[in-house]
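Participant: got a predicted model here, sequence first, then my questions.
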Amino acid sequence: MAMFREPRRARTALAACVLAFPLAAAGSATATAEDVLVGRWDVMVTVHNGVPPQRGPMLCDFTPDFLLHCTTKPGGPPQQGTGIWTRTGRGTFSFWITHPEVNGAINATHLGRVTRSHFTTGAHAYVYSPDGTALAGPVQVETEAVRIRS
């Protein structure tokens, strides 16, 4: 009797694998936050450091190797930022960015939601002197972005 159970179990396991393969293949074709976020974005940054809050337009590139590069759009005050990003869940992500300044740096950690064409984030930013001393923060920051290209 044991002779017949082993082949039956093997066939059952094989059938389960064959049936699961199309589901696994279909699942891998769906977009993840990584797929959705990679590309160039037109970003409006709102910094709540006064009344009214400061707003600044930026262009940000999210790369497949989880790096982030931002520059001010033409006509805005010159500022650049670099950082890292990661997927945190379905349709959610976070990123850390630093903006080097003559008198130190501004660092912020953003939490956001993303779709194929839009993302929003909320963050707290801190301003540091060149020696690493915290000068200001937390400062509330928000972004709204529209995809330019993948």
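Facilitator: Arrived safely.
Participant: now do Gly112 against Phe62, distance only.
Facilitator: Gly112 sits 11 Å away from Phe62 when distances are taken as C-beta to C-beta, to the nearest Å. C-beta coordinates here come from the backbone N, C-alpha and C atoms, glycine included.
Participant: show me whatever sits in contact with both of these two.
Facilitator: Phe95 (C-beta atoms under 8 Å, 6 or more residues apart in numbering).
Participant: in this protein, where is pLDDT below threshold?
Facilitator: The model of the chain has pLDDT under 70 over residues 1-34.
Participant: adjacent strands (with direction) for the longest strand along the chain?
Facilitator: In the chain, taking DSSP state E as the definition, the longest strand is strand 134-149. When sheet partners are counted by DSSP bridges, strand 134-149 sits next to strand 39-48 (antiparallel), strand 118-128 (antiparallel).
Participant: check which residues of the first one are buried.
Facilitator: Pointing back at strand 39-48 there. By neighbour count with 16 or more other C-beta atoms under 10 Å, strand 39-48 contains the buried residues 39, 41, 43, 45, 47.
Participant: distance between that strand and the chain's centre?
Facilitator: Counting by C-alpha atoms, centre = their mean, to the nearest Å, strand 39-48 is centred 12 Å from the centre of its parent chain.
Participant: neighbours around the closest residue to His48 other than its chain neighbours, how many?
Facilitator: With sequence-adjacent residues excluded and distances taken as C-beta to C-beta, 6 or more residues apart in numbering, His48 is closest to Gln140, at 4.2 Å. By other C-beta atoms under 10 Å, 14 other residues sit near Gln140.
Participant: let me have the strands paired with strand 134-149 in JSON lines, extended by distance to Ile97.
Facilitator: Shown next, in JSON lines, are the strands paired with strand 134-149 (distance: least, C-beta to C-beta, whole Å):
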{"stretch": "strand 39-48", "distance to Ile97": "10"}
{"stretch": "strand 118-128", "distance to Ile97": "8"}
